[in-house]
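**Q** need a structure here:
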Amino acid sequence: MTLPLVPESLWSIIEPLLPPAPPKPKGGRPPVPARAALTGILFVLRTGIPWEMLPAEMGCGSGVTCWRRLRDWQTLGVWDRLHREFLRQLRDADRIDWSRACMDSSSIAAKRGGAATGPNPTDRGRPGTKRHLITDRRGIPLAFILTGANVHDSVPFEDLLDSIPPIAGKRGRPRRRPAKLHADKAYDHRRCRRACHRRQIKPRIARRGIETSQKLGRHRWVIERSFAWLNRFRRLTVRYERRLDIHHAFTSLACSLICMRALQGRF
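**A** Numbering: from 1, shown residues only. So this is what the prediction gives:
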């Protein structure tokens, strides 16, 4: 039996975050239901097909309609709020491990250019986008930042640390700081270690010319697995969107779906 693209466990969380349908006092064609539009968005995210090839028999409306809903909901901050809500529920279930966090980046080709793109030094200078990600000890995505592929990993280091939202779900103050941070030699800079110390985070950053990659790899492998999870969403293996907000929306939605799997104990 085929699993639904929008299960009840997802819809029950996202429905309160969506804006109400606008009134139509003069009548006209009824709008495509929000759940149907979300089904089309998830189908494009998972399969990577172009918007115009969205199957009409799915009942999701046209690809343009689903694209507009994705854009509008991104403008209203729906996708970021959805990610924060899943993180809150994960903390409430005690499934976020704050003892260690991992940080790394991964570059993808940007076929159409746009904001947050740059020449990729690992792809013969072709346009690319770099995805900077920080996860907890188990690989749950806590936050991400998108930059050009030519931006050094250490440049958005502090911004990425500060982009972790305050996560409530337990008694006391919301938490946003891990106890330790593991990162590779690309972050081996004094300012990165100082940034960790200012935030009371113990840095575990590999040192160039001193430590081998295998030692810290015992803890950093989880973020490589998280990148693999993101790449299972075929729309994210290559950046097809020229608009940064659309690509950000897809990435945020994918992080939410990974959090949903963690909440269900599926990894």
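**Q** Spell out the secondary structure type for Gly114.
**A** Here Gly114 is recorded as coil under DSSP: H, G, I helix; E, B strand; the rest coil.
**Q** Can you pull out the residues in contact with stretch 65-79?
**A** Residues outside stretch 65-79 that contact it (Cβ atoms under 8 Å, 6 or more residues apart in numbering): 14, 17-19, 32, 34, 37-38, 40-41, 44, 51, 54, 60, 243, 245-246, 248-250, 252-253, 256. C-beta here means a position set from N, CA and C on the backbone, and glycine is covered the same way.
**Q** Just the CA atoms of stretch 158-169, as PDB, please.
**A** Listed next in PDB are the C-alpha coordinates belonging to stretch 158-169 (Å, rounded to 0.1, in the frame of the first residue of the first chain):
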ATOM      1  CA  GLU A 158      29.000  32.400  14.000                       C
ATOM      2  CA  ASP A 159      25.800  33.000  12.000                       C
ATOM      3  CA  LEU A 160      25.100  29.300  11.800                       C
ATOM      4  CA  LEU A 161      25.600  28.900  15.500                       C
ATOM      5  CA  ASP A 162      23.300  31.800  16.200                       C
ATOM      6  CA  SER A 163      20.700  30.500  13.700                       C
ATOM      7  CA  ILE A 164      19.800  27.600  16.100                       C
ATOM      8  CA  PRO A 165      16.400  28.700  17.400                       C
ATOM      9  CA  PRO A 166      15.600  28.600  21.100                       C
ATOM     10  CA  ILE A 167      13.900  25.200  21.400                       C
ATOM     11  CA  ALA A 168      11.400  24.800  24.200                       C
ATOM     12  CA  GLY A 169       9.500  21.700  25.100                       C
END
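**Q** Around the residue lying closest to Pro50 once chain neighbours are set aside, how many other residues sit close by?
**A** Once flanking residues are discounted, Pro50 sits nearest to Gly63: 7.3 Å by Cβ to Cβ, 6 or more residues apart in numbering. Gly63: 20 surrounding residues under other Cβ atoms under 10 Å.
**Q** do the same with Arg68
**A** Residues lying near Arg68 (other Cβ under 10 Å) number 14.
**Q** Now it. Its backbone dihedrals?
**A** Phi and psi for Arg68, reported as degrees, to the nearest 10, are phi -70, psi -40.
**Q** start the count at 19, not 1, going forward
**A** With 19 as the first residue, the last one maps to Arg86.
**Q** quick one: it from Ala272, how far?
**A** 20 Å (Cβ to Cβ, to the nearest Å).
**Q** Also Ile126?
**A** According to Cβ to Cβ, Ile126 stands 13 Å off from Ala272.
**Q** Check Phe285 too.
**A** Phe285 sits 14 Å away from Ala272, going by Cβ to Cβ.
**Q** Neighbour count: those two, which is higher?
**A** Ala272 (24 against 11).
**Q** helix, strand or coil for the more buried one?
**A** Per three-state DSSP, Ala272 ends up helix.
**Q** my guess is it meets Arg64, correct?
**A** No - applying Cβ atoms under 8 Å as the test, Ala272 and Arg64 come out as separate, 9.1 Å apart.
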